[in-house]
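S.K.: the amino acid sequence is not available; the structure is as follows:
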């Protein structure tokens, strides 16, 4: 195969491929230019209303790391990402198990399940915000009507971030479940049969056979969900705008406000590049883990 | 021991719980969209009421208009902007991305893997790292608040999706078919157009649709780079909330309308959804 390809390439030049690729390559440059301009901006005291920015080296970053609000926001952002995967992966596994069963209603269930993933997150956020209203929302009415006390949802410092995570779960659970379902279905039937013959119960099959065999799928879900949660914005902006106080002010929200409330482009870009670095290391790490797991299992 | 409850009942109970969790918000907001103001603010909530389409009428025919526009309601203007931006973005991505995906999966261009992973990284990196500087640049060069500015910026979302999804489809086209065409004297371009492209047609549909959904659902690009004239519906819908919770009915109607494209696509396109959403990482 390898040598065949080499032969082919001796006969035919690579030139047409370069032409095919050129426009996409230009688009990479189109991304790199603003990106590096942003890196430069983060090293200046750029203000939107002041076009002449002074180069200040790492002053913005030094200021950020001595600012308690920023550190809180940093911890909050990473904590939120951990919370998202901690909620969604177990729940997604459960839904995937349900989807993996042969029942007459499976197709209907699957159709229902995919709906939230296709509506704009901001719309989902507004819908849930209305329903989570502590005084007039349907959820507290439902809680009260079964004798439970009202919940503060998005309105309280202690519960706001969790409530956003609940909404995110509503949006993302189909995605997580569908990937993990693909994982469950990749486990060879013979292994499952053999285990059943040996008298293993469902829980043992799950723990000892399914989970170890869906490693690559779990890593893929982690990669997508963790990196998406790090840049959470679409859901937080319509529901809490970072509040109450700073309870949901993740880094993306802080950066947005630095620009559009305080006009400090330099500070905003510094925040964004700290986030970018975290995101870069996490996604590179998880992507590598995913590839390793895929090689181990050879299922993908 | 645990077999006292039949397995099927446990599964069906699971279906029920999750279906209610998923459907209830959609149903409730739908009901809200056909309630009048009195029924919306009623507490305890009312479940029986005379349905009204006033909210939809207000949104579509412009009672919700702030008077900035003529002839077309603000909301319909936002919808139109969304259509222009999303259709424009996926079209350009398809035109640029399809040959690029082919080149990346067929040739030995130097740095091929680096390049494909650069595109992949766009999917995971925070978009603001590019679009905040882009905001400053757009203001300078006059692309701020223009359709082409937004369509160009949207390539950051749609192009990586298109390229990765299509690469996964191109890799499945049997090499023998293409080699046979080449032996018969077809050029690279001819092979691409007449052999590979027809085979991966479902892949193109998949890439277009997933990119469309991502572009349509996106909020932050329109917020940062769009002004009053070009903002998409995701930004527009926030404005129905501006007068703090007074216009719940409008918000509900607007939400329902903006969710329609995704829902229709979902019904028609489930089969390719997972592959698209994972950028071809899973079949």
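M.R.: Good, I have the coordinates. All figures in this text were calculated on a predicted structure; none of them were measured in a lab.

S.K.: count of neighbours near residue A:247?
M.R.: For residue A:247, the count of nearby residues is 21 (other Cβ atoms under 10 Å in any protein chain shown). Using the backbone N, CA and C atoms, a C-beta is placed for each residue, glycine as well.

S.K.: show the backbone phi and psi for it.
M.R.: Phi and psi for residue A:247, reported as degrees, to the nearest 10, are phi -60, psi -30.

S.K.: also the one 5 residues further on?
M.R.: Taking degrees, to the nearest 10, you get phi -60, psi -40 for the backbone angles of residue A:252.

S.K.: relative to residue B:221, how far out is the residue lying closest to it once chain neighbours are set aside?
M.R.: Nearest non-adjacent residue to residue A:252, counting by Cβ to Cβ, 6 or more residues apart in numbering or on different chains: residue A:233, 4.2 Å away. From residue A:233 across to residue B:221, the span is 11 Å (Cβ to Cβ, to the nearest Å).

S.K.: which of those two has more neighbours?
M.R.: With neighbours defined as other Cβ under 10 Å, residue A:233 and residue B:221 compare such that residue B:221 has more, 25 against 21.

S.K.: helices of the stretch 151-300 of chain A, residue ranges please.
M.R.: All helices of the stretch 151-300 of chain A, identified by DSSP state H, counting those that start in this stretch, fall at A:160-186, A:189-197, A:202-204, A:211-213, A:215-230, A:236-239, A:251-260, A:265-297.

S.K.: so what's the most centrally placed residue in chain B up against?
M.R.: Ranked by distance to the mean C-alpha position of chain B (Cα atoms, centre = their mean), the top residue is residue B:213 at 1.4 Å. Contacts of residue B:213 were listed using Cβ atoms under 8 Å, 6 or more residues apart in numbering or on different chains, and they are A:118, B:261, B:262, B:265.

S.K.: got a pLDDT number for the first one?
M.R.: Okay, so that is residue A:118. Residue A:118 is assigned 78 on the pLDDT scale.

S.K.: that one contacts residue B:267, correct?
M.R.: No - counting by Cβ atoms under 8 Å, residue A:118 sits too far from residue B:267 to count as a contact (9.5 Å).

S.K.: between the two, who's got more neighbours?
M.R.: The residue with more neighbours, out of residue A:118 and residue B:267, is residue A:118; 22 against 12, by other Cβ under 10 Å.

S.K.: residue contacts, the closest residue to that one other than its chain neighbours?
M.R.: Spatially, and ignoring its direct neighbours in sequence, residue A:118 is nearest to residue B:262 (3.1 Å; Cβ to Cβ, 6+ apart). Contact analysis of residue B:262 by Cβ under 8 Å, 6+ apart lists A:118, A:119, A:120, B:213, B:216, B:217.

S.K.: the helix or strand that contains residue B:262 to helix A:160-186, inter-axis angle?
M.R.: Following DSSP states H and E, one finds residue B:262 within helix B:248-277. Angle, helix B:248-277 to helix A:160-186, by axes from the mean of the first three to the mean of the last three Cα atoms, to 10 degrees: 30 degrees.

S.K.: quick check: pLDDT value at residue 246.
M.R.: Picking chain A for this. Per-residue confidence at residue A:246 stands at 89 (pLDDT).

S.K.: try again with chain B
M.R.: Value for residue B:246, per-residue pLDDT: 58.

S.K.: do residue A:5 as well
M.R.: In this prediction residue A:5 is given a pLDDT of 52.

S.K.: same check, this time on residue B:66
M.R.: Looking at residue B:66, the pLDDT reads 49.

S.K.: who's in contact with the residue nearest to residue B:162 when sequence neighbours are not counted?
M.R.: Once flanking residues are discounted, residue B:162 sits nearest to residue B:97: 3.5 Å by Cβ to Cβ, 6+ apart. The contact partners of residue B:97, taken as Cβ under 8 Å, 6+ apart, are A:24, B:158, B:159, B:162, B:163, B:166, B:207.

S.K.: what residues sit buried inside the strand or helix carrying residue B:97?
M.R.: Assigned by DSSP H and E, residue B:97 falls within helix B:74-106. Buried residues in helix B:74-106, counting neighbours by 16 or more other Cβ atoms under 10 Å in any protein chain shown, are found at B:74-79, B:81-82, B:85-86, B:88-90, B:92-94, B:96-106.

S.K.: and if you look at stretch B:247-262?
M.R.: Those would be B:247-259, B:261-262, for stretch B:247-262 by 16+ other Cβ under 10 Å.

S.K.: make sure residue B:159 is indeed in a strand.
M.R.: No - looking at residue B:159 with DSSP: H, G, I helix; E, B strand; the rest coil, it is helix, so not inside a strand.

S.K.: does it touch residue B:94 like I think?
M.R.: No - between residue B:159 and residue B:94 there is no contact under Cβ under 8 Å: 9.5 Å.

S.K.: next secondary structure after the helix or strand encompassing residue B:8?
M.R.: Per DSSP H and E: residue B:8 is located in helix B:7-33. Sequence order places helix B:37-41 as the next helix or strand after helix B:7-33, per DSSP H and E.

S.K.: that next one: how far from the chain's middle?
M.R.: 32 Å (Cα atoms, centre = their mean, to the nearest Å).

S.K.: any idea of the mean pLDDT in it?
M.R.: Rounded mean pLDDT across helix B:37-41 is 83.

S.K.: the residue nearest the centre of chain A and chain B: what is the separation?
M.R.: Nearest to the mean C-alpha position of chain A, by Cα atoms, centre = their mean, lies residue A:228 at 2.2 Å. For residue A:228, the distance to chain B (Cβ to the nearest Cβ, to the nearest Å) stands at 8 Å.

S.K.: what sits against that residue?
M.R.: residue A:172.

S.K.: low-confidence stretches in the chain?
M.R.: Looking at chain A here, since you left the chain open. Within chain A, the ranges that satisfy pLDDT under 70 run A:1-12, A:51, A:298-300.

S.K.: my bad, chain B
M.R.: Checking chain B against pLDDT under 70 turns up B:1-4, B:63-72, B:241-246, B:266, B:283.

S.K.: wait, what's in contact with the nearest residue to residue B:21 once chain neighbours are set aside?
M.R.: Once flanking residues are discounted, residue B:21 sits nearest to residue A:170: 7.0 Å by Cβ to Cβ, 6+ apart. Residue A:170 is in contact with A:116, A:124, A:128, B:21, B:22, B:25, counting by Cβ under 8 Å, 6+ apart.

S.K.: for residue B:6, see how far away the residue nearest to the fifth one when sequence neighbours are not counted is.
M.R.: The one in question is residue B:22. Beyond its immediate neighbours in the sequence, the residue positioned closest to residue B:22 (Cβ to Cβ, 6+ apart) is residue A:112, lying 5.6 Å away. Residue A:112 sits 23 Å away from residue B:6, going by Cβ to Cβ.

S.K.: repeat that for residue A:240.
M.R.: 44 Å.

S.K.: looking at those two, which is more packed in?
M.R.: residue A:240 (21 against 9).

S.K.: make sure that one is actually in contact with residue A:248.
M.R.: Yes - the criterion here is Cβ under 8 Å, and residue A:240 meets it with residue A:248 at 4.6 Å.

S.K.: what touches both of those two?
M.R.: A:160, A:164.
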